[in-house]
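A.B. asks: test case, fold it:
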Amino acid sequence: APWRDLPKMLLHIHITLADGSCQQIVSDTSWRTSTGPLVFEGLRNGEIYDARQEKPGWLLPEYNDSKWDAARVVPGP
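C.D. replies: Next up, the predicted model:
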């Protein structure tokens, strides 16, 4: 199907703080990627979730993601 492809994402957040200063968060190759517990998803067929593939604590700042791959820059749609 034309909407099926490898997952991609782009993030560019521009934040204006109360003091007027600005910060930006931009996705790039410093981001890390890994597989997860969602092993199948389908528009009409639902999803398959394998909890054995969870990575406990991955949201915590001290999580060791050194074995994860670096994100790749790819062309947009």
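
A.B. asks: isn't there a helix covering Val74?
C.D. replies: No. Read with DSSP: H, G, I helix; E, B strand; the rest coil, Val74 is coil and lies in no helix.

A.B. asks: doesn't Lys8 make contact with it?
C.D. replies: Yes. Taking Cβ atoms under 8 Å as the definition, Val74 is a contact partner of Lys8 at 6.0 Å. Backbone N, C-alpha and C define where each C-beta goes, glycine included.

A.B. asks: the residue most distant from the middle of the protein, which is it?
C.D. replies: In the chain, counting by Cα atoms, centre = their mean, Asp19 sits farthest out from the average C-alpha position, at 30.2 Å.

A.B. asks: how about the secondary structure of that residue?
C.D. replies: Classified using three-state DSSP, Asp19 is coil.

A.B. asks: residue nearest the centroid of this protein?
C.D. replies: Nearest to the mean C-alpha position of the chain, by Cα atoms, centre = their mean, lies Thr33 at 6.5 Å.

A.B. asks: residue ranges with poor pLDDT in this structure?
C.D. replies: Applying pLDDT under 70 to the chain flags residues 1-4, 77.

A.B. asks: where do the strands sit along it?
C.D. replies: Here the chain has its strands, by DSSP state E, at 12-16, 22-26, 32-33, 38-42, 46-49, 69-70.

A.B. asks: so which of the ones you listed is the most packed in?
C.D. replies: strand 32-33 (a mean of 14; mean count of other Cβ atoms under 10 Å).

A.B. asks: partners of that strand, with directions?
C.D. replies: Strand 32-33 sits in its sheet next to strand 69-70 (antiparallel), going by DSSP bridges.

A.B. asks: and the strand it pairs with, how far out from the chain middle?
C.D. replies: With Cα atoms, centre = their mean, to the nearest Å as the basis, strand 69-70 stands 11 Å off its chain's centre.

A.B. asks: with that, I have no additional questions.
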